[in-house]
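[1] Starting from these lines, generate the structure:
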Amino acid sequence: MMTYQHLLIHDNGYIRRITVAREAKLNALSKATLTELSNAIGDALATAAIRGIVLTGAGDKAFVAGADIAEFAGLNSEEGRALAQDGQTRVFNLIHHANKPIVAAINGYALGGGLELALACHIRVAVTHAKLGLPEVSLGLIPGYGGTQRLTQLVGRGRALEMILTGDMVTAKQALEYGILNHVVESTELLAKAEEILHRMTARSQTAVEGAIRAVNASLEPNDQGFKTEINEFGRCFGTSDFSEGVAAFLEKRKPNF
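    The predicted model follows:
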């Protein structure tokens, strides 16, 4: 397993926990941290023994409190565009399109790039004191790591525009009501809840899980490919050993062995 300066890696059976460990900086996403995240997530996805990933932050104040704004100073339009393109391609889209489920365990503030990181994950669980927001407009910016797209997909145009145009934070309770979060739990339950969700997923057919992720993601694309992808992925399952085992276990009234 690789070693990292800004991340902590911990395996628990089929699940790998990746922790952004820049607590003194509220786990802000520097260029170096983004590079390490790209490598760490890519390594987890390429490791056959890993079936699910928990992404969290160090400490109890912040999941990720945003990008490292100091690195933005002096960038021109072309450099800013390149920054967003690079981050989206190497990290945020990598997470969004990952063929293994990734759960964001939000342990505090998730702001700017931090919320965008959580939005790219498949599932989001937060502690009761978490605060979420996209405050980029207060810097003369807009979200650049997919926030305008993924937040809108989750909460709708009206609420997304209110959050983005005001830059205001929402509480964990509000975020749950909006549909940003799947679950809100006490701090002591956060990692256990995230892993419990993944354990249920990793007990299922991995080929079916991968196909379902692709099909759901396809439904978010601005075309009609979602239904076609779902049909194709449904049909593809029939040629897998997992499908044979799943059907056999159902007929024999036993637990499948995937």
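
[2] Between the two ends of stretch 202-211, how far is it?
    Terminal residues of stretch 202-211 lie 14 Å apart, using CA to CA, to the nearest Å.

[3] List the buried residues for it?
    By 16 or more other CB atoms under 10 Å, the buried positions in stretch 202-211 come out as Thr202, Arg204, Ser205, Gln206, Thr207, Ala208, Val209, Glu210, Gly211. No exception for glycine: its C-beta is placed from N, CA and C like everyone else's.

[4] Give me the phi and psi angles of the residue nearest to the first one when sequence neighbours are not counted.
    This points to Thr202. Spatial nearest neighbour of Thr202, chain neighbours left out: Arg51 (4.0 Å); criterion: CB to CB, 6 or more residues apart in numbering. Backbone torsions for Arg51, taken as degrees, to the nearest 10, come to phi -110, psi -10.

[5] burial count for Arg51?
    Neighbourhood size, Arg51 [other CB atoms under 10 Å]: 22.

[6] and it, what pLDDT?
    On the pLDDT scale, Arg51 is placed at 97.

[7] Report the contact partners of it.
    Counting by CB atoms under 8 Å, 6 or more residues apart in numbering, Arg51 touches Tyr14, Ile15, Lys100, Leu198, Met201, Thr202, Gln206.

[8] taking the residues you listed one by one, which sit in helices?
    If you go by DSSP state H, these have Leu198, Met201, Thr202, Gln206 in helices.

[9] contacting residues for Phe243?
    Ser205, Thr207, Ala208, Cys237.

[10] And Val20, how close does it get to Gln225?
    Distance, Val20 to Gln225, using CB to CB, to the nearest Å: 33 Å.

[11] Those two: who's more crowded?
    Between Val20 and Gln225, counted using other CB under 10 Å, Val20 has the larger neighbour count: 28 against 13.
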